[in-house]
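>>> sequence plus the predicted model coming up.
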Amino acid sequence: MTLKTKLTLLLTVFTLGAVGPAAAHSINNKTLRPAFGASATDIWQATCGAGSSHMFAQIRDQSADNNLVSLVVVSGVRGATTTDLTGGDPTYSPGISVNAGNATYTMLVNHTRTGGQAYSIEYHCENASGGHTETTTPTAESQNN
Ligand SMILES: [Ca+2]
């Protein structure tokens, strides 16, 4: 490997690190449990600080089966839904944005069938031009089913 190649690789790693996971907020490796049946719903809440225009969010279904996991984000009378159509792979669902400004946002996680489903959520608050604004991280579920 030439020095130039090594430098290019190093630069790539630093660049990816700067815009990647460091900017996102994560709720990782949580589970909708079978005991709560098909109606199991986990609820999380986070608050977007001053200057926020919306919350961006997406979910990843970590269980490789045909029981699909969806995320609904609601704040006041505004809301959006996204579903991860492929469980067990590293790809998240399409991202959604809910435009409720500086507010508390509720994230509801549900699934289509009975059965344990592991999931992770990535989310963050943004201003109108897409810059990140203050985003709280919940320490526990508001409801853990
Ligand atoms: Ca997926």
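Received it, and whenever you're ready, just let me know what you need.
>>> who's in contact with Ala140?
The neighbours of Ala140, taking CB atoms under 8 Å, 6 or more residues apart in numbering as the test, come to nothing; the list is empty. The way it works is simple: take the backbone N, C-alpha and C, and place the C-beta from them, glycine included.
>>> that one belongs to a helix, doesn't it?
No: when DSSP: H, G, I helix; E, B strand; the rest coil is applied, Ala140 is found to be coil, with no helix at that position.
>>> what distance do you get for it to Gln117?
Using CB to CB, to the nearest Å, Ala140 is found at 19 Å from Gln117.
>>> then Val69?
Spatial separation of Val69 from Gln117 under the definition CB to CB is 5 Å.
>>> need the residues touching each of these two.
Counting by CB under 8 Å, 6+ apart, the common neighbours of Val69 and Gln117 are 32, 61, 63, 87, 111.
>>> between those residues, which is nearest the ion?
Asp61 (5.3 Å; CB to the ion).
>>> tell me what that closest one is bridged to.
Here Asp61 sits in beta bridges with Tyr119, as judged by DSSP bridges.
>>> so what's it up against?
With CB under 8 Å, 6+ apart as the criterion, the residues that contact Asp61 are 68-69, 84, 86-88, 93, 117-119.
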